[in-house]
Structure formats: structure tokens, C-alpha cells
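Q: Starting from these lines, generate the structure:
(chains A, B and C)
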Amino acid sequence: MALLRVDNMTHFFGGLRAVHNYNLVLEPGHIVGLIGPNGAGKTTVFNLITGIHTPTSGNIELSGHNLIGRRPHETAALGLGRTFQNLLLWRHMNVLEHVKTACYSQLEYGLFGAFFGTPKRHREEKRITAKALHLLETFEVSEFRDRLVTNLPYGVQRRVEMARAMATNPKVLFLDEPTAGMTPDELNRMIAIIRDIHKQFEVAILLIEHRLKFVMELCERIQTLVFGEIIAEGAPEEIRNNPQVIEAYLGREDVT
Amino acid sequence: MKSPIDKIKQLFNTTPLLAWLLGWLAAALTEYFIGDAVSYYLGLPRIPVLFGCLLALKKPLLIPGATGYFLLIYLLPFFLVARLCRRPANYLASLLARGPVSLAAIIHLALFYLALHIWADISDYRLLLLKLTMVAVMLTLSLNVINGYMGEFSCSHPGFMALGAYTASTVTLRLFADDKLFGAPLLSPALGPYLFPLALICGGIVAALGAVVIAIPSFRTRGDYLAIISLAFLFIVKSLIENLEFVGGPRGMSSQPDYAGLPMVFLGMVSCVWIINNFVCSTMGKALCAVRDNETAAEAMTVNTGKTKIVTFMFGAFWAGVAGGLFAHIIRYVNPGSFGIQRLAEILAMLYFGGLNSVTGSIIGAVSINILSEALRPLELFKWIIIPLLLIMVMLFRPTGLVSFTEFKAEKLMRPRG
Amino acid sequence: MQLFLQNIVNAMQWGSFYALIALGYSMVYSILMLFNFAHGDIFMVGSYIGFGVATALLGLTAAFNLPLPGWIILVMTIILAMFLTSFVGMFIERVGYRPLRDAPRASAAITGLMIGIILETGNLALLGAERLSFPALIDTVTFQVGGIYLTNKKILIVVVSLALMSALHLFIQKSKYGMAMRAMSYDFQAVPLMGISINKIAPLTFAIGSGLAAAAGILYSLAYPVLDPYMGVLLGWKAFVAAILGGRGSILGAALAGFLLGFIEIFSVWIFPSTFRDVIAYSVILLILAFRPHGFFGQAHSTQLRL
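A: You can find the predicted model right below:
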């Protein structure tokens, strides 16, 4: 059974059709790439599935739970972790706090505990801190744990954001251009990290990316989105040689 | 050979809080026992109530005497005792550090209270000033939760305060006092002082319910619009109270029973600081900062932003309500006029002076603005030029306040040094 | 019906005050994205300056036996006071707001509040607590049109404010600086790149806003001639609400919302007891904001008083 299933998802912004009949079947442990030119609606797909926007029509299911109409924090608690294209970090919080705050839905103490500092709360805080520290180590950012994120190099910020996303215990991780603005060095490190978390946490990944090399290397299956519609879907090899994809990316052959 | 500055630095670095508290206790005791005599010999009319500031500004001729008094009664015993107690205090602090934090905190607070009590015993003026300062700490801190930690610009704090003040006053007047507004008491007045905290909590709850009115629009709008909505709420509360005859209308309510003694107010302030600090240090409290810094990201990281906002508004308003209830019973008179724009400007000034997102900052801001505005009282009008100027300076050089974005850790404060 | 028309006249008068002050808030907001919370007190300062100018002019005419009629003195007072008050506005911009242009907007809001307090107390300290009364420059003439009573002052107030607003509109639409202002309200960052200095436009905006506030102050003093250092507080906050209601940064919206606020207030007093005026007025505003969260003409900026 598919972990994440999207059927015929369509969305209009006013009169503008942003996404049309989008389908996705994500099996556990798979990595799927979503490529397409700028403005094709890739990020909108993410926002629709995670609940920032509600699709005009269509169906979304995550391991049996219907996601339509759920708020983003509910879909996140059900197991959709995500990162953002333009790094939405919290500028006044340090790295450790970022990761701990992402454990919000796993806190087992209520407001009473938060107000009065019950022993249960101390246990929970300890558990979450341990978990967060472990994640920081996985993403190789432990040395920055007490630093404010705004003062960190870009690559580190990206990794912090991924650590934060992983702290929500996702079953599916949505990565929105994880390598944007990265140096080749950092890029290779990112590939290694994604491979590593994919293995270690057994998480399925949906990935938006512009660098085809990166997508081809990581993904088992690739979808190509143009003007909100999937024009091609298949293994990396098929996509590479698909004339429609080449046209969308490079323009018509006969023009040149 | 060390320079004197290094020596002072070293003294500060090696003396634990416990010793400073003992020093202050010693100063208070010195004043209590020989204050009258010393002020007589220094040519002062009576014990200077506020470290000699008022006296010095009123009658410049008395400045030498007031300075001498300050040195002799405060500075000398304070540093002497702190220095002498350094070693035993460090030992004691390290013993306490091994036990539970609550025990250490209680001992520190008890010492602190004792010193305050003795200090305030000298004059009613000091007592009133202390109580109002504590209420100001509560107000500033609770506003910090909304404006600093959650980053909404809420202007309705005096409104919450008014709700709390009127509710608590109504409860105590109706139940425990023979009053012209409500008639004979329903319960025995002897129960009053014990049930007073319940009246305060009632006030807090009503304020918290009022906060729902502005928390709900905050789901959709932020910033300016929330500011205006909360401002409108403040005006509405104020003029509703003016129109409600059964709580006295524009004349207000008076002769609340005298339940808000120093211990009660102190207890209120300590529980406020303790609970708010607990909240903002927990991961649940960090979610507020996440909502402030980026709401979309907070939602995507499982933070229920709607619930967080409503809880925070209600929580902040609750404490504003409790502070309002205390305020009403300290002054023993409330009228709608005391909860207007003026009060708002005052609370905002204390908050932004001390620092956003910081419990320490709020305490510093509330205490310093309060003491300063009392100390400058002899300057009359010019006080209201000096304090705003000071605040503008702080805003120019430290836009988020003196001590912003810090965490208040009791363990760290009480730790042995050296 | 007569009462209704009479109320419309009163509402127009109050609306003029609110609209003139609200324009100042809105203009500053459209350029700097912050509300000048000292603006209500600039209105107060404007009416005091007007008082000073009018008294001086009256003294001069008396000293030299000039046969100047009252309305000429009034016109001169308005012009001179607007001019002088605009310097107050520019000064406040220079010392209070320019250093904070990159700081959190909440800090600027606090600074504005504090400047307001300084203006109020400074005034009290300079002139004392006794209330001054504005000289009666023109005599009140009452005439009756179709059963409603009009006074020449009410007509003057409405006409002068409408004229000032039209002049502002023309200035913003036609002049070079007006265009720069409009450009800046679209994009605060890009315009300096086009060779227009924000350090020129911002003081100009403050100057115009303060001038309008001074005009409002003098007109207000014509109708209610008792001056009080705290007179700007209540009117200022209400005009601020009107500026929000009109839509942040929208000039037309601010003017219309100012008049609307006048109408809401006057008519709620007509229907309900007068003590309920604030409750009704603000409840209506809350309702309007609930349905149009960005005011009448505001764009949906997602700005916040950020830290």
C-alpha cells in the first residue's frame, strides 16, 4: 500500500489554474524527484499536500489518513516533514531550540506541565533534548547548538533546517530545493546526508530540485511538472531522454 | 598589585547571590535600628525614604547629608557583610545547589522578602512604592509574553488589567465588605484575606476570557491590525466600564478591603515570575518564539499556531488581570480613567526599556522605571521629559531594550561562585 | 429629518478634523511603513502655534492700527502655523525616526509615543497648566437653511479641509515630489536606487503631514477654542484608527475613513446615549476590520511590527 497517495489534485488561485490533475504514489522508502521550469507549480504542490492551501479538488491520503482540509500542523504531526525553498528559520532562536521546537507535537506534557514545571515535564524535556542532540550530530551541526541561526553559513542553515524537519518524525520528507545556492562541496555533502537520513530513518522523500545531476543521482522516479501538469513520469533514464522534458527545459529543438 | 577595579570585579565574581542578600538584609537592619540616629546627626529631617534621592532633589543643601547617609547605612553594611559572608555563603550555596532548586529558591526568596519587609517597615510610602513596583513587574512580564515572546503588538493590557481589577473588587466588595454599592457582605469578612487569592484568580479568568476577543482576529491578521484591534478593545472596555452603573460608572469603585499586604503582593509577583518563566523556557513556550519569527515554518513543524496564540493571549491577560486585582486592592480605589492610554504608554515603556523576550529584562525595566519615576518626582513635570528621553536613547542604541533575548535561570543565579 | 441633516453637518465637521489628521498618519505610513504616534501631539502643537501666531498678529494689527479684518488674520494664521509646524514634523523625523529607520518597527512606535509625551509635558512645562483660549478671529454667524442651522465656522471648517485635501491630492498626483512619494510607497527599497533620496522625501512627508495637522488644530480651535496640552491624545488616536480603517498608506482611504468616523460617532450619539459613543464607534470599527482586515483601500501587505 502506498504511503502517500495524491489523486487528481487540482488547484485554482482565483482564475489561475496552478495545479491540474496531479497524481502521486509514494511507496515507503522511495525517493521521488519533482522537476520542472520556474513557476511550474512545484512548490504549490508541496503547499497543497501539506495543507498550507486546500486543493480545489482531488484527494490526498497519508497511510490511510485523509489530508484534505487539515491544517499544516496536523499534516506535519501525521508525518509530513518539510523544508522550505527560502529557508524559513527562526531568527532569534538557536540551533538546539529549532530542533526541540519541532518536537512540539510529541510533547506529552500539557499546559499544566509547562506552567508549573512538573517532573513529567522535566523528563520530557530531557528526552527531547537527547533526541535533538542526536539529530544535530546526524546532520553534523552539533558544534553550532547554542548559536543563533542567522549567524551561520548558508550550508549549515540548510542542514539545520533539515534536522528540524526530521525532528517532526516524518514518514515523508518534502525537500524544496535543498541545494539552492550551494557550492559543489556542500552539494556533495548534501547528497551524502540525504542518502544517510534516507537509510537511517527509513523516510520516503519527495524532492524539488533544479540541478538535474543531483536529482538523477538520488531519485528512483522523477516527475516533470510544466504549467501545473505532469508531462512525464518515470525512471531517471526515461526522463533524461523524454523529448517533452527536453523541450520544456531547453526549448523546441527545431527553433535552434 | 591589583587595581581597585579588578578587586571590585573579583568581589563580584566570587560572591554568591546569598551573600548579597545577606548584605542587603544587614543594610535594612542597620537602617531599622540606627537610621533615626544617623539621620539626626547628619542633619536630615528624617530617614530619607528613597536612598536620599527625593531629598537631594528637593533641598540641594542636604545633598552631603543624604550622600553620607547612603554610604553609611546602605553601601557600607551591604558590601561589608557581603564580603564577610562570602566564604560561608559560598559553602551554603554549594550545599543548596546539590539539593532541589525549589528549596534553594525558597531560602533565597525568604531572605529577599525579609530584607524587603524590614526596608518597607520604615515608611508607608516605601510600602506603597514596593507594592506598586511588584504589580508593575507582573504587568510588564505578562505583556512581554505577548509582545516580546510572541511578537504581536498588543495594546489592550490596561483593558485586561481593568477587567481583573473590577472583577476582583466586585468579588471582595460583594462577599466580604459592607459597601454602599453592593450592600451587606454575603460571607463573613473574616474569611476575606484567605479567599482573596481566589478573587484575584477570578479577575484573571475574566481578563483571560476578554483576551479571546482579540486572540481570534489574531489568527488572520498580525502587526498593525492587531495593534488597532487591541487598541479598540481597550477603548471599548474602558467606556463600557464607564457606562456600567453597578460598578460605579465613571466615579469608580472605592474602599476595597485592605487585603493586598506586602506578603500577598510578593507572593503574587513571585508566582507570576515563576510560572511565566517556566512557560517561556519550556519547548511549548519556545513555540511562541517560533510563531513570532516565522509562522509558516512553525505550522510546518507541528506547532498549532492557533492554539498557541489563544493560549498566550489568555495567559498574558490572566496575569494582567491578577495584577489589576492586586492594584485595585493596593490603591483601594479604581476608576476607568486609570486604565487608559497613559497606563498603556507606561507599561510599554517599562517593557521596551527592560528588553523584549527576557524575564530579567522585564523585571529590570519595571523596577528601574518605577523607582526612577519616584526618585525624579521632585522634578515634577520634567520627570515626564527625562524618562521619555531616556527611553528614546535606549531605543536608539539598543532597539530591543537593555536586556533582551536572554533566559532567566534560577540555578545559575543562585550558584556558588568561587 | 431636520435632525438628521443637522447631524450630517456636525459629522462633516468632525470628519474634517479626523480626516486631516488621519492623512498625516497615512502619508508617513505609505513612505516609511510606520505610524508616527507623535502625530496627535503634533496636532496639539499646531494649534498652540496657531494660537501664538494669531495672538501675535492681533497684537501687531492693534499696535499699528491696521484695519485688517478677522478672516485675513485667520488665513495668515493658518498658512504661517502650517509652515511653522511642518518644521516641528521635520525635526521629529530627523531626531526620532531617521536613526531608527532600520530598527524594529516596534521600537520606532515606542519612540513616537515617547516623543508625544515629551511634547505634551514640554508644553505643560513651558506654558503652565492653565488653559488658553483661542482668540475669536471671526464672529459666529448662524443662518438657517431649510430648517437646519449652519454656522459660518462649520462651513469654513469643511470647505478649508476639503480644499487642503484637494491640494494634497493635486500635489501627489502632479508634482515631481508627489510622484516620488507615490513611487516610494510602492517600493521603499527600490526608489532610492532611482536617484530619489529617502532623506528628502521622508522629511517632506512629515512636513506635509504636520502642516495638515496644524490646519486641523486651528480649525478645531475655531470650533472649540479651549487649548489643552492633552487635546491631541484623544483626537490623535481616533484619527489613527481612521487611518487604519482607510487602509494603511491610502490617502484617499484615510480621508474617507476620517469622515466615516465622524459620521459613526455623531450618529451613534444621536441614537444611543452619548456615553456610549466610544463603545459604538469602536465596535463598528472592529466589525469593519473583521470583514475587511486591510481597511477600505489598503493592499494586503503582510507586514508586522517585527522585532
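Q: all strands of the chain, in order?
A: You didn't say which chain, so I picked chain A. A:4-13, A:16-26, A:31-35, A:57-62, A:65-66, A:80-82, A:172-176, A:204-208, A:221-226, A:229-234 (DSSP state E).
Q: Sorry, I should have been clearer: chain B.
A: Counting by DSSP E, the strands of chain B are B:253-254, B:333-334.
Q: Would you single out the least confident of these?
A: Within the strands of chain B, confidence is poorest for strand B:253-254, with a mean of 87 (mean pLDDT).
Q: From the recorded domain assignment, give the ranges for chain B.
A: Structural domains assigned to chain B are B:4-99, B:124-414, following automatic domain parsing.
Q: can you redo these as CSV with mean neighbour count and distance to C:Ala215?
A: Where you see a C-beta, it was placed from the backbone N, CA and C, and this is true even at glycine. Converted to CSV, those look like this (neighbours: other CB atoms under 10 Å in any protein chain shown; distance: least, CB to CB, whole Å):
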stretch, mean neighbour count, distance to C:Ala215
domain B:4-99, 17, 41
domain B:124-414, 22, 24
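Q: Figure out which of those is closest to chain A.
A: domain B:124-414 (3.6 Å; CB to the nearest CB).
Q: thinking again about what came up before, so which of the strands of chain A gets nearest C:Pro135?
A: Of all the strands of chain A, strand A:4-13 sits nearest to C:Pro135, with 60.7 Å by CB to CB.
Q: ok and the closest one relative to strand A:57-62, angle-wise?
A: With axes from the mean of the first three to the mean of the last three CA atoms, to 10 degrees defining the directions, strand A:4-13 sits at 150 degrees from strand A:57-62.
Q: Run me through the strand neighbours of strand A:4-13, direction for each.
A: Strand pairing for strand A:4-13, using DSSP bridges, gives strand A:16-26 (antiparallel), strand A:57-62 (antiparallel).
Q: Would you convert these into JSON lines that also reports distance to B:Phe339 and mean pLDDT?
A: Formatted as JSON lines, these follow (distance: least, CB to CB, whole Å; pLDDT from 0 to 100):
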{"stretch": "strand A:16-26", "distance to B:Phe339": "49", "mean pLDDT": "91"}
{"stretch": "strand A:57-62", "distance to B:Phe339": "49", "mean pLDDT": "92"}
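Q: Relative to A:Asn188, which of these is closest?
A: strand A:16-26 (25.6 Å).
Q: Show residues contacting that closest one.
A: By CB atoms under 8 Å, 6 or more residues apart in numbering or on different chains, the residues outside strand A:16-26 that reach it are A:2-12, A:32, A:41, A:44-45, A:48, A:55, A:58, A:172, A:204, A:206, A:223, A:225, A:227-230.
Q: That strand: which residues count as buried?
A: Within strand A:16-26, the residues scored as buried using 16 or more other CB atoms under 10 Å in any protein chain shown are A:Ala18, A:Val19, A:His20, A:Tyr22, A:Leu24, A:Leu26.
Q: and the residue of the stretch 151-256 of chain A found nearest chain B, how far is that from chain C?
A: Relative to chain B, the nearest point of the stretch 151-256 of chain A is A:Thr168 (5.2 Å; CB to the nearest CB). Counting by CB to the nearest CB, to the nearest Å, the gap from A:Thr168 to chain C is 25 Å.
Q: do the same with B:Gly210
A: From B:Gly210 to chain C the distance is 13 Å (CB to the nearest CB).
Q: closest one to B:Pro388 among the strands of chain B?
A: strand B:333-334 (26.0 Å).
Q: Need the residues that contact that closest one.
A: Residues from elsewhere that reach strand B:333-334 (CB under 8 Å, 6+ apart): B:Ala162, B:Ala165, B:Tyr166, B:Ser169, B:Gly252, B:Met253, B:Ser254, B:Ser255, B:Gln256, B:Phe327, B:Ala328.
Q: Tell me the spacing between the fifth one and B:Ala199.
A: By that I understand B:Gly252. Using CB to CB, to the nearest Å, one obtains 18 Å as the distance from B:Gly252 to B:Ala199.
Q: With the last one instead?
A: Separation of B:Ala328 from B:Ala199 (CB to CB): 10 Å.
Q: got it, and the fourth one?
A: Counting by CB to CB, the separation of B:Ser169 from B:Ala199 is 8 Å.
Q: joint contacts of those two?
A: The contact sets of B:Ser169 and B:Ala199 overlap at B:Gly325 (CB under 8 Å, 6+ apart).
Q: Let me see the contact set for the residue most central in space within chain A.
A: What sits nearest the mean C-alpha location of chain A, by CA atoms, centre = their mean, is A:Phe174, with 1.8 Å. The contact partners of A:Phe174, by CB under 8 Å, 6+ apart, come to A:Phe46, A:Ile49, A:Thr50, A:Leu80, A:Gly81, A:Arg82, A:Thr83, A:Ile205, A:Leu206, A:Leu207, A:Ile208.
Q: Bridge partners for it, pull those for me.
A: Listed by DSSP bridges, the beta-bridge partners for A:Phe174 are A:Arg82, A:Leu206.
Q: Could you list the low-confidence segments of the stretch 1-150 of chain B?
A: Along the stretch 1-150 of chain B, the parts satisfying pLDDT under 70 run over B:1-2.
Q: Any stretches of the stretch 151-256 of chain A with poor pLDDT?
A: Using pLDDT under 70, the flagged stretches of the stretch 151-256 of chain A are A:250-256.
Q: Spell out which parts of it neighbour chain B.
A: Within the stretch 151-256 of chain A, the residues that sit near chain B (CB under 8 Å from any CB of the partner chain) are A:Arg164, A:Ala165, A:Ala167, A:Thr168.
Q: Just the buried subset of those, written out for ChimeraX, thanks.
A: The buried residues among these can be selected in ChimeraX (16+ other CB under 10 Å) with this line:
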select /A:164,165,167,168
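Q: Could you tell me which residues touch both of B:Ala328 and B:Ala199?
A: B:Ala168.
Q: So which of the residues of the stretch 151-256 of chain A next to chain B is the closest to A:His122?
A: A:Ala167 (19.4 Å).
Q: so who does the closest one touch?
A: Contacts of A:Ala167 by CB under 8 Å, 6+ apart are A:Val99, A:Lys100, A:Ala102, A:Cys103, A:Lys131, A:Ala132, A:Leu135, B:Met301.
Q: ok, B:Leu109 - contacts?
A: Residues near B:Leu109 by CB under 8 Å, 6+ apart: B:Val270.
Q: now it: how far from chain C?
A: Look at B:Leu109 and chain C: by CB to the nearest CB, they are 32 Å apart.
Q: Quick check: that residue vs B:Pro263, distance?
A: For B:Leu109, the distance to B:Pro263 - CB to CB - is 11 Å.
Q: what sits against the spatially closest residue to A:Gly58 that is not a sequence neighbour?
A: Nearest-residue entry for A:Gly58: A:Met9, 3.3 Å, with adjacent residues in sequence omitted and distances by CB to CB, 6 or more residues apart in numbering or on different chains. Contacts here follow CB under 8 Å, 6+ apart; on that basis A:Met9 touches A:Val19, A:Asn21, A:Tyr22, A:Asn23, A:Val45, A:Leu48, A:Ile49, A:Pro55, A:Ser57, A:Gly58, A:Asn59, A:Ile60.
Q: quick revisit: could you say which of the strands of chain A is packed most deeply?
A: Mean neighbours per residue, mean count of other CB atoms under 10 Å in any protein chain shown, is largest over these for strand A:80-82, with a mean of 28.
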